[in-house]
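Visitor: Can you look at this prediction? I've put the sequence above it.
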Amino acid sequence: MRRLLSLLLLAAAAPVCALAAPTPSPQPPALPQPQDKPFPGTIELAVDATDINRHIVRIEETVPVPAGEPLTLLFPRWLPGNHAPSGPLPLLAGLTVTAEGKPVAWRRDAVDMGAFHIDVPAGAHSVHVAFQFLSPLFPSDGRVVMTPNMVEVEWRPDVLFPAGYYQRDIPVHASVKLPDGFQYATALETEHAARGEIAFRTTPLEVLLDSPVLAGRYFSRIDLDPGGVAPVHLDVVADQPKDLVIKPEDLQAHRNLVQQAYRNFGGHHYDHYDFLFSVSGEMGGVGLEHQRSNEVGSAEYYFTDPEKSAPGRDLLPHEYTHSWNGKFMRPADLWSPDDHTVPERDSLIWVYEGQTDYWGQVLGARSGILDAEQTRDIIATEAAELDAATPGRVWRNLQDTTNDPIIAWHRPTAWESWSRFGDYYPEGVLIWLDADTLIRERSGGKRSLTDFAHLFFDVDGSDWTTHTYTFEDVVKALNKIEPYDWAAFLRARLDGHGPGAPLDGIVRGGWKLVYTDTPSALQKSMDGVRKGADLSFSLGLTLSGDGTVRAVVWDGPAFKAGLAPGNKIAAVNGRALDGTETLTDAIKQAKDAGGPIELLIRDGAQYRTARIDYHGGLRYPHLERIAGAPDRLGEILTPLK
């Protein structure tokens, strides 16, 4: 009886049925991979960009349906130039699909949120697609591309395209409707224009996506190469007519840019080129490259106050350089047959962006858009930030930072000096300056990186089809210019760790990085634009005018005192903060005093006292000539004849 009772109790305790361990649910079918085959038909795309008050772009397109094939429409996800899957998918809204006037069901892919499967009715030859791009109203939502006086149509958020094809094989006949009174510029060829509606000639989707339209109420078009081999124009839109006025010497500098680029790279890879340039305090800033144009957004004082705008004046030369480096010649793993299905990889972005940044600074100086001193100050600032204010170099090499666009989508972290962010730009400049000065030294001044540029980027001056390159191709081209172990040279700089930045190019260029207690004119401009103070090389922080701490250098004096980005300095040594001068004056006084700098810190709703035991005074970076050394940097920045 007792045994029977025990068995009954065990049976009652056992589960009614055994539960299987979980296994993954089945994945949906993979999206069609792009194939290099003709697309049967032409997409008709109409974009209405007239609703500038509400920042809403309305899109309609007619998409042919390939016979016997399912239809999946894709939203451009990978944005060339952003190097990341940062297409603004959340801003697509109101999607409807019809065929022969009747609604057609669609469903979003269960895994790929930017893919839309269309249930095409039997016998339908095309579908009509309508949706809106809810363009950002505030900078916190993304880049503002519509204001009362200007609009930019970037195409990428304004089109859905069929899966299964290379973008270069999909013809698109596009049109755009602009607000009344707006003039426009684009690399596209106009078919006809009337009453604010412009139709463009049919072009491959790849070319359309690479050819934005910039339009504005206050517009100026300037010929930068009168009588040249290919038309080049500076197309400017502004908030006010006064911002369009260009001084004669500044105009000549921008014309010089075209000639200096031709002399540096040899041929060109476009039939015409447009600088799509917005100078505005309302439009979102941008620097984005295209084959036959670029998008650059700068402050409204770019032309009216060149000294104030100096910190960003290498941007136009940078984006122009991309026509050669990045668009014509592109890293093999950064090229994709469509902007959605095949992921990009950024392993060679230190060439794509790093060398472009180098040429942007060099061409800025050679053209006169910047003067040599301003360019040296840019190099000094970037070198100092890497050498003295980027301790993250001890754990993370430059090669790994090439993954930043994909990891962070161009969003810096609060502790940027430790995590590192986008350092392939400034450190790329130092690497290519190192290479340029080394070639000059080894060849006795007979050859330079310009010879590499001619060889590498002028494969065929009449061709503007994208070509791809690998690390081995870069090494091979460098060896043709100057035999050397370039693979080891590059890998040491890409895979090595700090502390300290690669400053050999500056020293071989005849200069050295030094610090003084006086900011350069460029530093003053930067602080003025930011409305704050960069004290990275003294206290190890940057400060806004109201006392908000913007950044803190990891393991620097401010860090050790417990400060963090977002803290607000309310008082310095018992005195209420009255602009950044209150803190800079305290740094000067502490140089000869024995006590720490005492800060009253507001952290949210709490106050605390932080004491920084720093007595090194103000420190700002400069380049100083090395007595008796050849001035190779000066030679590099000298205009080519």
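Guide: Nice, thanks for sending it over.

Visitor: Remind me what the helix or strand where residue 624 lies packs against, helices and strands.
Guide: Assigned by DSSP states H and E, residue 624 falls within strand 620-625. Using 3 or more C-beta pairs under 8 Å, 6 or more residues apart in numbering; DSSP states H and E, the elements in contact with strand 620-625 are helix 372-388, strand 511-516. Yep, even glycine has a C-beta here, placed from its N, CA and C like the rest.

Visitor: Need those in TSV (columns: distance to residue 320, mean pLDDT and mean neighbour count).
Guide: Below are those laid out as TSV (distance: least, C-beta to C-beta, whole Å; pLDDT from 0 to 100; neighbours: other C-beta atoms under 10 Å):
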stretch	distance to residue 320	mean pLDDT	mean neighbour count
helix 372-388	16	97	22
strand 511-516	26	98	17
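
Visitor: about what we covered before: report the inter-axis angle for the strand holding residue 624 versus helix 372-388.
Guide: Strand 620-625 runs at 120 degrees relative to helix 372-388, counting by axes from the mean of the first three to the mean of the last three C-alpha atoms, to 10 degrees.

Visitor: Run through the neighbouring helices and strands of the helix or strand just after strand 620-625.
Guide: With elements assigned by DSSP H and E, the helix or strand that comes after strand 620-625 is helix 632-637. Applying 3+ C-beta pairs under 8 Å, 6+ apart, we find helix 632-637 packed against helix 354-367, helix 372-388, helix 426-442.

Visitor: Which among those is found nearest to residue 583?
Guide: helix 372-388 (19.1 Å; C-beta to C-beta).

Visitor: For the closest one, C-alpha coordinates in PDB please.
Guide: Output in PDB follows, covering the C-alpha atoms of helix 372-388 (Å, rounded to 0.1, in the frame of the first residue of the first chain):
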ATOM      1  CA  ALA A 372      49.400  77.600 -46.000                       C
ATOM      2  CA  GLU A 373      49.300  78.800 -42.400                       C
ATOM      3  CA  GLN A 374      45.700  77.800 -42.000                       C
ATOM      4  CA  THR A 375      46.400  74.400 -43.500                       C
ATOM      5  CA  ARG A 376      49.400  73.800 -41.100                       C
ATOM      6  CA  ASP A 377      47.100  74.800 -38.200                       C
ATOM      7  CA  ILE A 378      44.500  72.200 -39.400                       C
ATOM      8  CA  ILE A 379      47.300  69.500 -39.500                       C
ATOM      9  CA  ALA A 380      48.600  70.600 -36.100                       C
ATOM     10  CA  THR A 381      45.200  70.400 -34.500                       C
ATOM     11  CA  GLU A 382      44.400  67.000 -35.900                       C
ATOM     12  CA  ALA A 383      47.900  65.700 -35.000                       C
ATOM     13  CA  ALA A 384      47.600  67.000 -31.500                       C
ATOM     14  CA  GLU A 385      44.200  65.400 -31.000                       C
ATOM     15  CA  LEU A 386      45.500  62.000 -32.000                       C
ATOM     16  CA  ASP A 387      48.900  62.400 -30.200                       C
ATOM     17  CA  ALA A 388      47.800  63.900 -26.900                       C
END
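
Visitor: roughly how far is it from the heart of the chain?
Guide: 20 Å (C-alpha atoms, centre = their mean, to the nearest Å).

Visitor: residues of the following helix or strand past it that come out buried?
Guide: Proceeding C-terminally, helix 372-388 gives way to helix 398-401 as the next helix or strand, assigned by DSSP H and E. For helix 398-401, burial by neighbour count (16 or more other C-beta atoms under 10 Å) applies to 398, 399, 401.

Visitor: contacting residues around the following helix or strand past helix 398-401?
Guide: Scanning forward in sequence from helix 398-401 by DSSP H and E, the next helix or strand is helix 404-408. For helix 404-408, the surrounding residues in contact (C-beta atoms under 8 Å, 6 or more residues apart in numbering) are 82-86, 344-346, 349, 410, 420-422, 424.
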